[in-house]
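Student: one predicted model, sequence on top.
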Amino acid sequence: MPLFGAHLSISRGLHSAITDAVTLGCETVQIFTKNASQWNAPPLRDEDVTAFRRAAVASGLHWITVHDSYLINLASPKDELFAKSVAAFADELERAEALGADYLVTHPGAHTGSGEEAGLERVVAGYEEALARCPGYKVRVLLETTAGQGSSLGYRFEHLATVLDRANCADRMGVCFDTCHVFAAGYGLATAEDYAATFQQFDDLVGLERLNLFHMNDSEKPRGSRVDRHAGIGAGEIGEAAFRRLVTDVRFRDRPMILETPKKSADGTDMDSVNLALLRLFASEARAGGD
């Protein structure tokens with residue numbers, strides 16, 4: 001069975017995300033290590049790193065994942081922003097490594113008018129430079145599929161393949177497959193035929209062996225909208241059937257699957273609990289049925 005988890009807050013301290021994940025019955029977890037909407041952050045304190053690592057070991061969680069800052073743009077044609085982004089991404093690598101994280105999820109960035117090919121060249125150069133500053137690190141960088149808003153890269157599987165094929169650090173990289181983003185970018189998931197075709201395309205262009213992690217999000221917006229709006233499992237345009245297929249797909253039985261869905265309902269219900277329960281139900285029904 002896949003490993004289910006959620007992106008959780010560190011507002012009460014880094015280690016609190018581990019505690020909350022255990023309370024939710026998670027097998028995996030994703031966090032930010034700092035405010036994702038700010039460039040600067042104080043260095044991680046030794047006592048916080050120690051508390052996080054101890055909590056992580058005691059929890060039994062697998063594939064602990066960090067998500068990088070939203071401000072980083074390695075595709076930028078502006079030299080100053082590119083250099084700032086490389087430095088910021090190297091810092092994200094250092095923070096993730098210090099915490100013992102397995103994965104660092106990152107968006108490829110936006111070309112802001114320079115064109116997709118020029119943007120991809122910058123992305124490759126950016127990851128190469130940042131990773132060269134962090135030799136020997138164990139944390140793996142995962143390129144996240146994107147919805148394709150504005151000039152964002154990563155909304156086509158070809159973009160991911162280009163980066164992974166060209167980068168001299170590709171052995172330290174992989175892919176995070178976000179269901180909402182892929183659907184919003186125009187790939188089908190809702191029907192059995194579309195689901196099969198999408199993963200066949202991914203395998204042909206990128207390779208399923210490079211798919212390390214899933215972000216499990218339904219989509220408020222229709223297929224091909226190129227608008228990134230997450231919805232609860234089965235509560236959006238993708239629909240419940242696609243998630244049933246995904247959690248029972250034997251190719252992904254050991255992959256971490258992490259929710260980034262809305263946290264609260266209108267009446268205050270904790271929706272992480274609800275969505276995790278749904279995923280577990282889908283998986284258990286398949287086992288009971290002999291799948």
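Tutor: Received it, and whenever you're ready, just let me know what you need.

Student: next one, pLDDT for residue 290 please.
Tutor: Here, the pLDDT recorded for residue 290 equals 54.

Student: correction: the previous question concerned residue 19.
Tutor: pLDDT for residue 19: 98.

Student: please apply the same query to residue 41.
Tutor: 89.

Student: may I see the buried residues of the helix or strand encompassing residue 199?
Tutor: Assessed by DSSP states H and E, residue 199 sits inside helix 192-205. Within helix 192-205, the residues that count as buried by 16 or more other Cβ atoms under 10 Å are 195, 198-199, 202, 205. The C-beta positions use only the backbone N, C-alpha and C, and glycine is treated the same way.

Student: that one - what's its average pLDDT?
Tutor: pLDDT averaged over helix 192-205 gives 99.

Student: how far away from the center of its chain is stretch 69-84?
Tutor: Stretch 69-84 has its average C-alpha position 19 Å from the chain's average C-alpha position, going by Cα atoms, centre = their mean, to the nearest Å.

Student: and it, end to end?
Tutor: Using Cα to Cα, to the nearest Å, the end-to-end distance of stretch 69-84 comes out at 12 Å.

Student: re the thing from before, in the very next helix or strand once past the helix holding residue 199, what counts as buried?
Tutor: Following helix 192-205 in sequence order, the next helix or strand is strand 211-216 (DSSP H and E). In terms of neighbour count (16+ other Cβ under 10 Å), strand 211-216 has its buried residues at 211-216.

Student: format those as CSV; extra columns: pLDDT.
Tutor: Converted to CSV, the buried residues of strand 211-216 look like this (pLDDT from 0 to 100):
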residue, pLDDT
211, 99
212, 99
213, 99
214, 99
215, 99
216, 99
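
Student: tell me who's in contact with residue 223.
Tutor: Residue 223 is in contact with 183-184, 186-188, 190, 237, counting by Cβ atoms under 8 Å, 6 or more residues apart in numbering.

Student: gap between the two ends of stretch 99-115?
Tutor: 36 Å.

Student: then stretch 105-117?
Tutor: Rule used - Cα to Cα; the end-to-end distance of stretch 105-117 is 22 Å.

Student: now do that stretch, average pLDDT.
Tutor: Computed over stretch 105-117, the average pLDDT equals 98.

Student: and if you look at stretch 91-100?
Tutor: Mean pLDDT, stretch 91-100: 99.

Student: which parts of it are buried?
Tutor: Of the residues in stretch 91-100, 91-99 count as buried by neighbour count, 16+ other Cβ under 10 Å.

Student: cool, and stretch 120-129?
Tutor: Those would be 120-124, 126-129, for stretch 120-129 by 16+ other Cβ under 10 Å.

Student: excluding chain neighbours, what is closest to residue 265?
Tutor: Distances taken as Cβ to Cβ, 6 or more residues apart in numbering put residue 271 closest to residue 265, at 5.7 Å, once the chain neighbours are dropped.

Student: run a quick neighbour tally on residue 118.
Tutor: A count of nearby residues for residue 118, using other Cβ atoms under 10 Å, gives 13.

Student: where does it land in three-state SS?
Tutor: Following DSSP: H, G, I helix; E, B strand; the rest coil, residue 118 is assigned to helix.

Student: how much space between it and residue 109?
Tutor: Residue 118 is 12 Å from residue 109, where distance means Cβ to Cβ, to the nearest Å.

Student: need the longest helix for this protein.
Tutor: helix 79-98 (DSSP state H).

Student: partner strands of whichever helix or strand comes after that one, with direction?
Tutor: Downstream of helix 79-98, the first helix or strand assigned by DSSP H and E is strand 103-106. Sheet partners assigned to strand 103-106 using DSSP bridges are listed as strand 65-67 (parallel), strand 140-144 (parallel).

Student: among those strands, which comes closest to residue 7?
Tutor: Of all these, it is strand 65-67 that lies closest to residue 7, at 6.9 Å by Cβ to Cβ.

Student: redo the buried residues of stretch 91-100 as JSON lines? Include distance to residue 46.
Tutor: Shown next, in JSON lines, are the buried residues of stretch 91-100 (distance: Cβ to Cβ, whole Å):
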{"residue": "91", "distance to residue 46": "17"}
{"residue": "92", "distance to residue 46": "19"}
{"residue": "93", "distance to residue 46": "18"}
{"residue": "94", "distance to residue 46": "14"}
{"residue": "95", "distance to residue 46": "13"}
{"residue": "96", "distance to residue 46": "16"}
{"residue": "97", "distance to residue 46": "14"}
{"residue": "98", "distance to residue 46": "9"}
{"residue": "99", "distance to residue 46": "12"}
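
Student: good, wrapping up.
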